[in-house]
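> predicted model and sequence below, questions to follow.
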Amino acid sequence: QVQLVESGGGLVQPGGSLRLSCAASGVALTHYAIGWFRQAPGKQREGVSYDAPIGDVYYVPSVEGRFTMSRDKVKNTVYLQMNNLKPEDTAVYYCAAVFKGVLITQEEEYKFWGQGTQVTVSS
């Protein structure tokens, strides 16, 4: 059974940082494309960043330079380091995975999803 579990969300002041984790079981993320998505209240879910097993990474313009994805193969975990957080980053953040070796930016292509973790940026 494939399971993705996000953690690391919370309340942070503007300008602060958080690191989200996405721990996988039942699959080896080494062979999976990973995406981080977020959904703010009243808005559609949107992609934040994408990572391919071959090393390609893409960040949407609103987070580029502030967010960084990384993988820990030993822990079978993917991280999203978020720096200089802004109130508009407030959302539930989800990680997703699909058995692909290349960068996948289409949300509908992702097969496995975590339950989400809340990130709130507020003073």
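Nice, I can see it.
> stretch 95-108 - what's its average pLDDT?
Summarised as a single mean, pLDDT over stretch 95-108 is 96.
> please renumber so the chain begins at 27
Sure thing, new numbering starts at 27, so read that last one as stretch 121-134.
> who's in contact with it?
Stretch 121-134 is contacted by residues 28, 30, 32, 46, 48, 50, 53, 55, 57-63, 71, 73, 76-80, 82-84, 104, 106, 135-140 when judged by C-beta atoms under 8 Å, 6 or more residues apart in numbering. All C-beta spots, glycine's among them, are computed from the backbone N, C-alpha and C.
> check which residues of it are buried.
121, 122, 123, 126, 129, 130 (16 or more other C-beta atoms under 10 Å).
> the third one and residue 83, how far apart?
Between residue 123 and residue 83 the distance is 15 Å, computed by C-beta to C-beta, to the nearest Å.
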